[in-house]
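> build the 3D model from these lines:
(chains A and B)
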Amino acid sequence: MAYSDKVVDHFNNPRNMGSFKKDEEGVGTGMVGAPECGDVMKLQIKVQNDMIVDAKFKTFGCGSAIASSSLATEWLKGKTIEEAQKIKNTDIVQELNLPPVKIHCSVLAEDAIKAALADYQKKADGALVDAK
Amino acid sequence: MARSMCWHCQSEMAGEYFCERCVKVQPVSKDLDYFTCMGFPRRLTIDPRQLETKFYELSRAFHPDFFQNKSAEEQTISLGNSAMLNTAYRTLRDPIQRAEYLLDLEAGAVKDIRTSPPADLFEEILKLQDTLDEYRAADRASSTATTLCAKLQAERTTLERRQQDMETALQQLFTQWDALQDRGEVTDQTRAERDRILKQMRGILSNRTYVKNIVNDLVATIS
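Predicted structure coming up:
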């Protein structure tokens, strides 16, 4: 089994690798892992006026996990919170041509997106309460 | 496992894997768990030699080589049974896989492990990976590299000790599980005990791979 060209491309030239400060305003952080393989993924979004203006990731795992999260950050940029919620792991599978044994990597990326969005929401709600 | 009826002669089944009347091999039910299939109770301590003996015994009974001159149905059953037996043996032979499998059986889908990711551990791993990157980028002869290397060595020692602790804790939980099975009674107390053991086991099992991976990375980078 070989990785698809797209996976290899994301692996060799990962997009948006890095991180934001967790407590920075408008930043949502999602950290997820796959206990079966031990991969760890951190995905962060920066939101302004309900729009994701930037996204970063750090993934320690296999090529497919790195490619999935790299692709996820590319897709997240420029999306609204609502649009971002709709990203499905199957979209990632399709785009990257992931074989069945690597589908869990795309699930991990979707979980990371969801976790980052939830974290952002929690922080935003908290800020609202503080303001009151 | 007594099945109600032989697929071939329709007589009542009394034997385990073969019909006593027409001597035809019987398909192992897909619903049968690996412990039952291999004739072992659901315990986490299994004598590997006993397991191997049972595996060889059943292999001889099911192996497709012995069914070459038999009917197509029997060949199919022999193939299916052998495949199941191999998987069962591989799963039960390894203590960790055995425990994962038992968790699957006892606590339903393992998938909900992901609902509570060990955030502290992830935090720690990501920080360590950053230090590893720093070290990889640093000039090996520099004092920065020496400092980083010492730091990573210390981390490695700590993590390896934690791995040891995890293995010990797992072993204890295995023993506790078996003891609980031996008691055989079902009360509110034993139910609570059972849930505690399963939960703790799942916690350790889902963290140990993360720790293993980072230790491997550490070892590969600094030695």
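> now do the same contact list for residue B:170.
Residues counted as contacts of residue B:170 (Cβ atoms under 8 Å, 6 or more residues apart in numbering or on different chains) are B:99, B:201, B:204-205, B:208. The way it works is simple: take the backbone N, C-alpha and C, and place the C-beta from them, glycine included.
> possible to save these as a markdown table with distance to residue B:38?
Shown next, in a markdown table, are the contacts of residue B:170 (distance: Cβ to Cβ, whole Å):
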| residue | distance to residue B:38 |
| --- | --- |
| B:99 | 16 |
| B:201 | 21 |
| B:204 | 25 |
| B:205 | 21 |
| B:208 | 25 |
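> most surrounded residue in those residues?
Neighbour count (other Cβ atoms under 10 Å in any protein chain shown) singles out residue B:201 as the most crowded of the contacts of residue B:170, with 23 neighbours.
> doesn't residue B:173 make contact with that one?
Yes. Between residue B:201 and residue B:173 there is a contact at 4.9 Å, judged by Cβ atoms under 8 Å.
> assign residue B:43 to helix, strand or coil.
On the three-state scheme (DSSP: H, G, I helix; E, B strand; the rest coil), residue B:43 is labelled coil.
> report how many residues lie close to it.
For residue B:43, the neighbour count with other Cβ under 10 Å is 16.
> give me the pLDDT value at the residue nearest to it when sequence neighbours are not counted.
Leaving aside its sequence neighbours, residue B:43 sits nearest to residue B:178 (Cβ to Cβ, 6 or more residues apart in numbering or on different chains; 4.7 Å). pLDDT for residue B:178: 95.
> ok, now which ones touch residue B:178?
Residue B:178 makes contact with B:43-45, according to Cβ under 8 Å, 6+ apart.
> just put those in CSV and tack on distance to residue A:116.
CSV is the format used below for the contacts of residue B:178 (distance: Cβ to Cβ, whole Å):
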residue, distance to residue A:116
B:43, 42
B:44, 38
B:45, 43
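> the spatially most central residue of chain B is in what secondary structure piece?
A centroid search over chain B (Cα atoms, centre = their mean) returns residue B:97, at 1.1 Å, as the residue closest to the centre. Under DSSP states H and E, the secondary-structure element containing residue B:97 is helix B:95-107.
> how about that helix: buried residues?
B:95, B:98-103 (16 or more other Cβ atoms under 10 Å in any protein chain shown).
> and which of these is nearest to chain A?
Sorting those by how near they are to chain A, with Cβ to the nearest Cβ, puts residue B:100 at the top with 8.9 Å.
> and the residue nearest to residue B:62 when sequence neighbours are not counted, what is it in contact with?
Leaving aside its sequence neighbours, residue B:62 sits nearest to residue B:81 (Cβ to Cβ, 6+ apart; 4.2 Å). With contacts defined as Cβ under 8 Å, 6+ apart, residue B:81 is in contact with B:17, B:25, B:27-28, B:62.
> need the residues of chain A near chain B, please.
Counting by Cβ under 8 Å from any Cβ of the partner chain, chain A comes close to chain B at A:31-40, A:42, A:58, A:60, A:111.
> pull out the buried members of these.
For the residues of chain A next to chain B, burial is judged from neighbour counts taken by 16+ other Cβ under 10 Å, and it is met by A:31-35, A:37-40, A:42, A:58, A:60, A:111.
> relative to helix B:95-107, how tilted is the longest helix anywhere in chain B?
What stands out as the longest helix in chain B, according to DSSP state H, is helix B:143-183. Helix B:143-183 and helix B:95-107 meet at an angle of 50 degrees, taking axes from the mean of the first three to the mean of the last three Cα atoms, to 10 degrees as the criterion.
> domain assignment for chain B?
In the assignment given by automatic domain parsing, the structural domains of chain B cover B:1-93, B:116-222.
> centre of the chain to the strand or helix carrying residue B:195, how far?
Remark: residue B:195 resides in helix B:188-222, with elements defined by DSSP H and E. The offset between the C-alpha centroid of helix B:188-222 and the centroid of the whole chain comes to 12 Å, using Cα atoms, centre = their mean, to the nearest Å.
> with stretch B:146-157 instead?
Centroid separation between stretch B:146-157 and its chain, computed with Cα atoms, centre = their mean, is 33 Å.
> that stretch near chain A at all?
No. Stretch B:146-157 stays clear of chain A (Cβ under 8 Å from any Cβ), getting no nearer than 15.0 Å.
> quick one on the thing from earlier: orientation of the longest helix of chain B relative to helix B:188-222 in degrees?
Interaxial angle, helix B:143-183 versus helix B:188-222 (the same axes, to 10 degrees): 160 degrees.
> of all the residues of chain A next to chain B, which two lie farthest apart?
Of all pairs drawn from these, the one with the longest distance (Cβ to Cβ) is A:36 and A:58, at 20.0 Å.
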